[in-house]
Every structure is written in C-alpha cells, then in structure tokens.
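Enquirer: Sequence below, structure please.
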Amino acid sequence: MAVSASETGSTSQDAGSAESGTGDADGTGSTSGETGSQSGTNSGGDVTGGTTSDGTGQSSTDTDGTGQGTGSADGTVTEDEQQKDDAADENTDAEEEDTDTSEGNTDSGKVVTLGENLNEEQRASMYEYFGTSPDEVQTIVVTHADEVQYMEGIATDEQIGPTTNSCAYVEPTDSGGIKVKTANLNFVTSAMIASTLTTAGMENCNVIAACPFEVSGTGALTGIIMAYETASGEELDEGQKEAAMEELVTTGDLADSVGQEKATEVIKDVKTEVIDEGLTDPEEIGEAVDNIAEDNDITLTDDQRDQVVALMEKISQYDYDVNALKDTLNNLTGDSGVLSNIWNSVKTFFVGSNDGILSDTNDEALGSDVITDSTVNEGGFKDGLLTRIKNFFTGE
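Expert: Next up is the predicted model:
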C-alpha cells in the first residue's frame, strides 16, 4: 500500500484516584471514683463523657471520625446522632447530584480522538475543524501502541509507521448507515473507511477522519473504532475488528495497482454478495471475485485474488444485518443512479442533510489547501423547511 506519511494510535485516558481513611471507633479510657466517670480517646475523633455508678451513663462519641455525634457508652445511637447522620447523608447525595449535573454538560454520545504526536496548537485546530471543544466531547488520545495492537500482523511496519497523527470525531446515530467525511487524508478515502467500518460491525454513525496536515490516513481506523466503542458503549467483536483492519490493508494494496475507486468497488461488491448470498466456500467466493473483477474491467494477479478471497472467508464467518450494511455500501459509489442523486440533492436542499457533525466542520481551520472527501451530499441547511421553500422561490 502506498503511504505518504506514517501514522499510529492508542488510547490514553486519565483516571482519578480516590483515597479514604477509616478511624477506629473504639475508645480507650479509665474510670475513677464511685461515680464511674470515664474519659477516653478515639482515633477517628474524641470520646468524652461520664457514666453513673451503674455504668449506663451517656457519652459523646465520634463514630465517623468527624468529631461529631452523640451516642451512649454501650454503643446505642441516640436520636440526636441519627438526625445528624441523616443530614450528612443528604449533603453527600446533593454533592453527588451536582457532580452528575456538571458531567452532563459533556455530550457523552460524541467522542474525539487525537493522535498522540500532535502538538497543542495542532490539537486545538482539530477541535476547531470538528466544530466542537474539549469541554463538549469526550476525548481519547490514540497512541502508537494502540495501532500496533490493532494492526500488527495485518499491516507492515511501514504501513503502521512510527507516529500517530490522524484524528477522528464519531457520533452514533439511529439510522442512515455510516456517513464519513475526511480531511487531509491523501490515500484512504471516505468510501474505503465507510466500507471497512461495516466489516467492524458498525451500522449507524457519522464519522470525520482528519489531520492538521496531509497524511495517508492508514492510521485513522484505529481511532474511529475506539471512539465508536466509547461513544456507543458497544464493544465490537475482536474478530470483526481484525477483519476490518485487514480489509483496509487489502483495499489499499489493490488500489496501488487498479486505483482507489475500482479497488473500493470490487471489495464492496464482493463483500455484499458474500454476505447477501451467505457464501462461505472458498471456491464460491473465488468465483464471485472473478466475476466482479471482470465486471469492473480489471485483472487480478493470483496474489491479489488470494488476498481478497482470504479476506472474504474471514468476513463470511460473522453475522451481518444485510439491510443495515447496504444502507452504507449502496451510497459509496453512486449505485442509486443519477435521478436518485438529483432527488437526494433536492431533498437535502429543502429538508437538510441530517448529517450531524459532518455539517458543522470548519475547513478554514486547516488552511486553504485542505483536501476533503465525503460519502454524503453536504448541501443541507439549518433553517426550517418553510423558510427554505420560501427562500427557494423568492431567490433569497
């Protein structure tokens, strides 16, 4: 696979630590005189008080280490102490509620990943491009160790590279398939990423893969998968994730000789047929590969054919929702036809694209020469439907 810039990835998340102490609730002391007066100390607080000659007198006892509370010498909790404990519990609950409310300001359904080798200025430019900020999304730093973990044994060291620069912004959705936009990725296309993500087991989400400067994009998939799992709370199957990485490498290797568009088309069509027809036999898969390659006017070498067949054998082991998969794959290379594309453009003009984060990017944040690519029409508007119709006919 041709690689113009090396990348990698892993997750670095901060974890806080909490410390708590416990006090010894037992006091020690001495009793003097017939009145049985008793004094003692408690490691969690102070115990003072007196007992009557029959040993049933009251004492002030700190049972929680705060120096507060009233109890009897025999350990019985008094009404006064219970009221104070209840009040303390209410205060704790209120504090926890405040914390939850504060954390709620972060949109946990959206996750940004940043390549660990970007400097602070470059990271800031990515938030600006994504149209968000660190306090609005959850952020994961992707490291080289992450990418090695995902791609070792599938990609070469050259393809993995020594640094991690690609970034991603992921937003799970309820429908519409997988929609992808890329910026400054000069080798991996939005269609390649979208197709690969279906193999990983993803069905509905908006994805932006980008970098502050031009890179190949081969390292983007690691961050996207990590972001999706975090944003959706869904852990993808390890075997499917491995197949997704293998698909990206296989498509890239094929693109070196036949071009990105045809490579994506062949992999997409073969995968659709394998899943749709339930093909598992290597010979049947091989026949499908041969027929689809012929339909696309390309000739595969024996090594290329074997690589595609091996990939599809692996994919055929897993259960996929064919309709959900087609929601994504049918939009990658214009299968819907010219008239359908025109209708989609008109519908987008009036109704909006509903592409979430894909519609909010700021290309200027990455400079004037940014390379962009997308699987969707980005002509949507944010005004109301009636306003759009009125503006359309009045020319406003």
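
Enquirer: could you pull out the helices for the chain?
Expert: For the chain, applying DSSP state H gives helices covering 79-103, 120-130, 144-151, 157-160, 190-199, 220-232, 238-258, 260-277, 282-295, 302-315, 322-329, 338-351, 385-394.

Enquirer: mean confidence score for the fifth one?
Expert: Meaning helix 190-199. For helix 190-199, mean pLDDT is 94.

Enquirer: so it versus helix 220-232, what angle?
Expert: Interaxial angle, helix 190-199 versus helix 220-232 (axes from the mean of the first three to the mean of the last three CA atoms, to 10 degrees): 50 degrees.

Enquirer: Can you name every helix or strand that helix 190-199 contacts?
Expert: Counting contacts by 3 or more CB pairs under 8 Å, 6 or more residues apart in numbering; DSSP states H and E, helix 190-199 is packed against strand 178-185, strand 205-215, helix 220-232, helix 238-258, helix 260-277, helix 322-329. Every C-beta, even on glycine, is put in place using the N, C-alpha and C of the backbone.

Enquirer: swap in the shortest one?
Expert: For helix 157-160, the contact count by 3+ CB pairs under 8 Å, 6+ apart identifies helix 144-151 as packing neighbours.

Enquirer: For the helix it packs on, name the packing helices and strands.
Expert: Counting by 3+ CB pairs under 8 Å, 6+ apart, helix 144-151 packs on helix 157-160, helix 220-232, helix 238-258.

Enquirer: Only alpha carbons, please: show that helix as CSV.
Expert: Taking Å, rounded to 0.1, in the frame of the first residue of the first chain, the C-alpha atoms of helix 144-151 are listed here in CSV:
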residue,chain,number,x,y,z
HIS,A,144,1.3,4.1,18.7
ALA,A,145,0.8,1.1,21.0
ASP,A,146,-2.9,1.1,20.2
GLU,A,147,-2.4,1.0,16.4
VAL,A,148,0.2,-1.8,16.8
GLN,A,149,-2.3,-3.7,18.9
TYR,A,150,-4.9,-3.4,16.2
MET,A,151,-2.8,-3.8,13.1
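
Enquirer: tilt between that helix and helix 220-232?
Expert: Between helix 144-151 and helix 220-232, the angle comes out at 100 degrees (the same axes, to 10 degrees).

Enquirer: Any regions of this structure where pLDDT drops low?
Expert: Scanning the chain for pLDDT under 70 picks out the ranges 1-108, 333-354, 377-396.

Enquirer: switch the cut-off to 80
Expert: For the chain, the stretches with pLDDT under 80 are 1-108, 330-354, 376-396.

Enquirer: on that earlier part again, of all the helices and strands packed on helix 144-151, which one is nearest residue 199?
Expert: Closest to residue 199 of the helices and strands packed on helix 144-151, according to CB to CB: helix 238-258, at 4.3 Å.

Enquirer: hmm, who's touching the closest one?
Expert: Here helix 238-258 makes contact (CB atoms under 8 Å, 6 or more residues apart in numbering) with 1-2, 150-151, 154-155, 159, 187-188, 192-193, 195-197, 199-201, 218, 221, 225, 262-264, 266-267, 271, 298, 300-301, 304, 307-308, 311, 314-315, 317-318.

Enquirer: repeat that with 7 Å
Expert: The contact list for helix 238-258 (CB atoms under 7 Å, 6 or more residues apart in numbering) reads 1-2, 150-151, 154-155, 159, 192, 196-197, 199-201, 218, 221, 225, 263-264, 266-267, 298, 304, 307-308, 311, 314-315, 318.

Enquirer: so which of the helices and strands packed on helix 144-151 is the most packed in?
Expert: Ranked by mean neighbour count under mean count of other CB atoms under 10 Å, the helices and strands packed on helix 144-151 are led by helix 220-232, which reaches a mean of 26.

Enquirer: Find the nearest non-adjacent residue to residue 134, please.
Expert: Excluding the flanking residues, the one nearest residue 134 by CB to CB, 6 or more residues apart in numbering is residue 127, at 6.3 Å.

Enquirer: neighbours of that neighbour, just the number please.
Expert: Residue 127 has 21 neighbouring residues, counting by other CB atoms under 10 Å.

Enquirer: can I get the helices and strands packed on helix 144-151 in a markdown table with distance to residue 357?
Expert: Shown next, in a markdown table, are the helices and strands packed on helix 144-151 (distance: least, CB to CB, whole Å):
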| stretch | distance to residue 357 |
| --- | --- |
| helix 157-160 | 27 |
| helix 220-232 | 11 |
| helix 238-258 | 21 |
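
Enquirer: who wins for proximity to residue 113 among those helices?
Expert: Among the helices and strands packed on helix 144-151, helix 220-232 comes nearest to residue 113, with 3.6 Å by CB to CB.

Enquirer: picking up where we left off before, and of the helices and strands packed on helix 190-199, who's closest to residue 372?
Expert: Closest approach to residue 372 among the helices and strands packed on helix 190-199 (CB to CB): strand 178-185, 5.1 Å.

Enquirer: Can you give the contact residues for the closest one?
Expert: For strand 178-185, contacts defined as CB under 7 Å, 6+ apart pick out 129, 189-190, 193-194, 197-198, 202, 204-211, 213-217, 220, 328, 355, 358, 361, 366, 370-376.

Enquirer: Alright, calling it a day.
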